[in-house]
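Visitor: based on what follows, work out the 3D shape:
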Amino acid sequence: MSEKVMEREDCCDSFEIHENLLKIVNDTMPDETELYDLAELFKVFGDSTRIQILFVLFEAEVCVCDLAEALHMTQSAISHQLRILKQNKLVKSRRDGKSVFYSLADDHVRTIIAQGQEHIEEE
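Guide: Model (predicted):
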């Protein structure tokens, strides 16, 4: 398809502002801080290692040793990713003796991943 044809499909043929729609958008748009925070949250999901960790945590509460073994990575690499997940309130930890166990922070995490999976599996 030529660039000229693409341009026509992507743009209006005339310039017209739809004030009623703009009012709805302006009334419902979250503030800049909230939009920034949301974008930052989605960046956390942009790493396949962190997604793998979350999938493991869907099944069970596990320690860093178990995660490292399951994902064939070093404990240091896993700890780094867990720190990011924890800072973004996606996982939580608890100490039990010499071990620290990680689990999902809440069911929102599972919902976000499930929605993403559903989206990519659509035809």
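Visitor: list the buried residues of stretch 103-116.
Guide: Leu104, Ala105, Val109, Ile113 (16 or more other CB atoms under 10 Å). (Each C-beta comes from the backbone N, C-alpha and C, glycine too.)
Visitor: among the residues you listed, which lie within strands?
Guide: Within these, residues falling in strands by DSSP state E are Leu104.
Visitor: which of the buried residues of stretch 103-116 sit farthest apart?
Guide: The largest separation in the buried residues of stretch 103-116, counting by CB to CB, is between Ala105 and Ile113 at 12.7 Å.
Visitor: Asn88: how many residues sit nearby?
Guide: With neighbours defined by other CB atoms under 10 Å, the count for Asn88 comes to 17.
Visitor: got it, and Leu54?
Guide: 20.
Visitor: just the pLDDT at it, thanks.
Guide: You'll see Leu54 listed with a pLDDT of 97.
Visitor: please, which helix or strand holds it?
Guide: helix 48-59 (DSSP states H and E).
Visitor: which positions in that helix come out as buried?
Guide: Buried residues in helix 48-59, defined by neighbour count with 16+ other CB under 10 Å: Arg50, Gln52, Ile53, Leu54, Val56, Leu57.
Visitor: kindly report the same for stretch 16-28.
Guide: With burial defined by 16+ other CB under 10 Å, not one residue of stretch 16-28 is counted as buried.
Visitor: export that stretch as CSV, just CAs?
Guide: Output in CSV follows, covering the C-alpha atoms of stretch 16-28 (Å, rounded to 0.1, in the frame of the first residue of the first chain):
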residue,chain,number,x,y,z
GLU,A,16,-13.5,19.3,12.6
ILE,A,17,-13.4,19.5,16.5
HIS,A,18,-16.0,17.5,18.2
GLU,A,19,-16.5,19.5,21.4
ASN,A,20,-18.8,17.0,23.1
LEU,A,21,-16.2,14.2,22.8
LEU,A,22,-13.4,16.5,24.0
LYS,A,23,-15.4,17.4,27.1
ILE,A,24,-15.9,13.7,27.9
VAL,A,25,-12.2,13.1,27.4
ASN,A,26,-11.2,16.1,29.5
ASP,A,27,-13.6,15.2,32.3
THR,A,28,-12.4,11.6,32.6
